[in-house]
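Colleague: Here is my input, please return the structure:
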Amino acid sequence: MFPGSFNPLTVAHLEIARRAREDHQLDEIHLVVSEIALDKPTPPGPTLTERIDIIEDDLADTPWLFVTTTSDQLIADISAGYDAVIMGADKWEQVNDVGYYDSASERDAAVARLPTVIVARRAGYATPENLILETDASIHDVSSTQARAGDRSMMAPGAAKRWHTG
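Modeller: As a prediction, the model looks like this:
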């Protein structure tokens, strides 16, 4: 599973999913969107329903890639029942940030519950060597935040056509 807000879905998200599938022999990958994302309770842009519809359009020709939603916010909870969790190095840093938990021991227990962890490099973030998913350096700076700010070249094709500010 690959958790995120995917607001909007980017070319980096698609490339990370493709590489994770190839490199880790995954039959399918689920993009899992939190109904209320951690640190992003009211994201800009399309509603959750519209966003899911836009993502589904971008995935129409990718039979191994699916989108689903969850009410969970912590990666350890979202990834329960999956074989692997895919994330960017920025999300890995958040997963390990004790500030999102009641204590360091709660964080350690959450990290211990994770399935196989696959981490894509992200500019400005450290990535543990044993977890790295090698991706083309051209996507390391791709950002949904920059895409929302107007750089539609970072968006997945369908998102570039349909994403709106509200």
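
Colleague: Now Gln94: which helix or strand?
Modeller: helix 89-95 (DSSP states H and E).

Colleague: got the buried residues for the next helix-or-strand element following that helix?
Modeller: The helix or strand immediately downstream of helix 89-95 is helix 104-113, counting by DSSP H and E. Going by neighbour count (16 or more other CB atoms under 10 Å), the buried part of helix 104-113 is 107, 110. Every residue, glycine included, has its C-beta placed from N, CA and C.

Colleague: tell me what the very next helix or strand once past helix 104-113 is packed against?
Modeller: Toward the C-terminus, helix 104-113 is succeeded by strand 116-120 as the next helix or strand (DSSP H and E). Secondary-structure packing of strand 116-120 (3 or more CB pairs under 8 Å, 6 or more residues apart in numbering; DSSP states H and E): helix 11-23, strand 84-88, helix 89-95, strand 132-133.

Colleague: Next, the buried residues of the helix or strand of the chain with the lowest mean pLDDT.
Modeller: Ranked by mean pLDDT, DSSP states H and E, the helix or strand of the chain with the weakest confidence is helix 144-148, at a mean of 91. Neighbour-count burial for helix 144-148 flags 144, 147-148 (criterion: 16+ other CB under 10 Å).

Colleague: Please apply the same query to stretch 67-86.
Modeller: Applying 16+ other CB under 10 Å to stretch 67-86 flags 67, 70, 72-76, 78-79, 82, 84-86 as buried.
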